[in-house]
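Novice: heads up, no residue letters with this:
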């Protein structure tokens, strides 16, 4: 297969590309605008593969998309390009509307135009896989409730509202035009190459620098944590074996309160990289005012993808979080270059 991956320089997108190049014989064309969260250094291990190509393209650029489809002739599209940080969506929502809604529209239309021109065999085999989030469902009040594929949408933030909108567009293009689409909604990802503004890498790096570990509210927000490499395997399962028109929830079966996640990281760091002053890293925990509209609990029921496609996560939270902490300890130079912007300056031809 020849697969277009949008947002392939991002956290999840780069994991998907590494998985495809390392574990299949497929070709990948990575389309990424390279905003602040796009980092080609996350793809250095496969960048020289003859089966990998990169195009710095904005998915809102319809002309460029048409040219890419015509030259690459893909068999599938995996759409991950999105603005994804909730806090940023609260302080500046315009970029989320532009990329997540307008960009998805342009990509759907470019795909539809290309798909309509395929012969019947290729048309039937073609797939458009839209990667979304469990945040479109809002939050859960009960301690035993789970998000199902049929759970009504109730987004709480500009980010989740923009992703919900893109999900609706994808379903409409399937229903109205027959475009062979599939949607996945995932829980919170973590793992190597995660952008440092997210909770887990932020806590790791702040702790190593002796900085405060900020926790929203009481830290009692519950998330289902999914190791990013498990997610990449699931996404490849869906695009190659999933049923057209279906939605699949992908979760890690690892519900944890934020405060529990932070304390677990602290304990691992106490073991692997103790503070020079002899204090436990938990002493750095600081509680800060909760953000507006903060959802209390997310929890995914991933039964469907397990039963129908045979996927289940390989990592428990304990094994995955230890691998993650160890990765950051062994890749502090990558982190430094992200934090000081070196990775952006060099790609723009500016000396670091």
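Specialist: The structure has been received and is ready for your questions. Everything quoted here is computed from the prediction, not taken from an experiment.
Novice: OK, contacts around residue 129?
Specialist: Residues in contact with residue 129 (C-beta atoms under 8 Å, 6 or more residues apart in numbering) are 76, 77, 78, 79, 181, 182, 183, 184, 235, 238, 239, 242. In this view, the C-beta of every residue, glycine as well, is placed from N, C-alpha and C.
Novice: could you redo the last one with a cut-off of 7 Å?
Specialist: With contacts taken as C-beta atoms under 7 Å, 6 or more residues apart in numbering, residue 129 has the following neighbours: 76, 77, 78, 79, 182, 238, 239.
Novice: Report the contact partners of residue 15.
Specialist: Residue 15 sits next to 228, 229, 231, 232 when contact means C-beta under 7 Å, 6+ apart.
Novice: I'd like those residues as a markdown table, with neighbour count and secondary structure appended.
Specialist: Converted to a markdown table, those look like this (neighbours: other C-beta atoms under 10 Å; DSSP: H, G, I helix; E, B strand; the rest coil):
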| residue | neighbour count | secondary structure |
| --- | --- | --- |
| 228 | 25 | helix |
| 229 | 20 | helix |
| 231 | 27 | helix |
| 232 | 22 | helix |
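Novice: Tell me the one among those residues nearest to residue 53.
Specialist: residue 232 (18.7 Å; C-beta to C-beta).
Novice: My guess is the closest one contacts residue 16. True?
Specialist: Yes: using C-beta atoms under 7 Å, residue 232 makes contact with residue 16 at a distance of 4.7 Å.
Novice: still on that earlier bit, among the contacts of residue 129, who's most crowded?
Specialist: With neighbours defined as other C-beta atoms under 10 Å, the most crowded of the contacts of residue 129 is residue 78; it has 28 neighbours.
Novice: what pairs with it across the strands?
Specialist: In this entry, residue 78 is beta-bridged to residue 5, residue 129, by DSSP bridges.
Novice: which ones are touching it?
Specialist: Residue 78 makes contacts with 3, 5, 16, 129, 131, 235, 239, as judged by C-beta under 7 Å, 6+ apart.
Novice: So which of those residues are in helices?
Specialist: Secondary structure defined by DSSP state H assigns 16, 235, 239 of the contacts of residue 78 to helices.
Novice: Give me the packing partners of the one helix or strand residue 122 maps to, helices and strands only.
Specialist: Following DSSP states H and E, the helix or strand that holds residue 122 is helix 120-125. With contacts defined as 3 or more C-beta pairs under 7 Å, 6 or more residues apart in numbering; DSSP states H and E, there are no secondary structure elements packing on helix 120-125.
Novice: distance of residue 236 from residue 120?
Specialist: From residue 236 across to residue 120, the span is 25 Å (C-beta to C-beta, to the nearest Å).
Novice: Could you check how far the residue nearest in space to the middle of the chain is from residue 41?
Specialist: For the chain, the residue whose C-alpha lies nearest the mean C-alpha position (C-alpha atoms, centre = their mean) is residue 12; its distance is 3.9 Å. With the distance defined as C-beta to C-beta, residue 12 ends up 16 Å from residue 41.
Novice: Can you show me the strands along the stretch 1-150 of the chain?
Specialist: Counting by DSSP state E, counting those that start in this stretch, the segments of the stretch 1-150 of the chain that form strands are 2-6, 27-32, 52-56, 76-79, 127-133.
Novice: any chance of those strands in JSON lines, plus mean pLDDT and distance to residue 209?
Specialist: As requested, the strands of the stretch 1-150 of the chain are exported to JSON lines (pLDDT from 0 to 100; distance: least, C-beta to C-beta, whole Å):
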{"stretch": "strand 2-6", "mean pLDDT": "98", "distance to residue 209": "33"}
{"stretch": "strand 27-32", "mean pLDDT": "98", "distance to residue 209": "29"}
{"stretch": "strand 52-56", "mean pLDDT": "98", "distance to residue 209": "32"}
{"stretch": "strand 76-79", "mean pLDDT": "98", "distance to residue 209": "36"}
{"stretch": "strand 127-133", "mean pLDDT": "97", "distance to residue 209": "30"}
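Novice: Kindly reformat the ones you listed as a markdown table containing distance to residue 330.
Specialist: What follows is those, written out as a markdown table (distance: least, C-beta to C-beta, whole Å):
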| stretch | distance to residue 330 |
| --- | --- |
| strand 2-6 | 26 |
| strand 27-32 | 25 |
| strand 52-56 | 24 |
| strand 76-79 | 29 |
| strand 127-133 | 28 |
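Novice: tell me, how many neighbours does residue 107 end up with?
Specialist: A count of nearby residues for residue 107, using other C-beta under 10 Å, gives 27.
Novice: Please report phi then psi for residue 212.
Specialist: Residue 212 adopts backbone torsions of phi -60, psi 150, taken as degrees, to the nearest 10.
Novice: By mean pLDDT, flag the weakest helix or strand of this protein.
Specialist: Per-element confidence for the chain was summarised using mean pLDDT, DSSP states H and E. The lowest value among helices and strands belongs to helix 342-347, with a mean of 52.
Novice: so can I have CSV of the contacts of residue 129 showing distance to residue 262?
Specialist: Formatted as CSV, the contacts of residue 129 follow (distance: C-beta to C-beta, whole Å):
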residue, distance to residue 262
76, 38
77, 37
78, 32
79, 32
182, 35
238, 32
239, 34
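Novice: okay, the angle between the single longest helix found in the chain and strand 127-133?
Specialist: In terms of residue count, the longest helix belonging to the chain (DSSP H) is helix 158-177. Computed by axes from the mean of the first three to the mean of the last three C-alpha atoms, to 10 degrees, the angle separating helix 158-177 from strand 127-133 equals 160 degrees.
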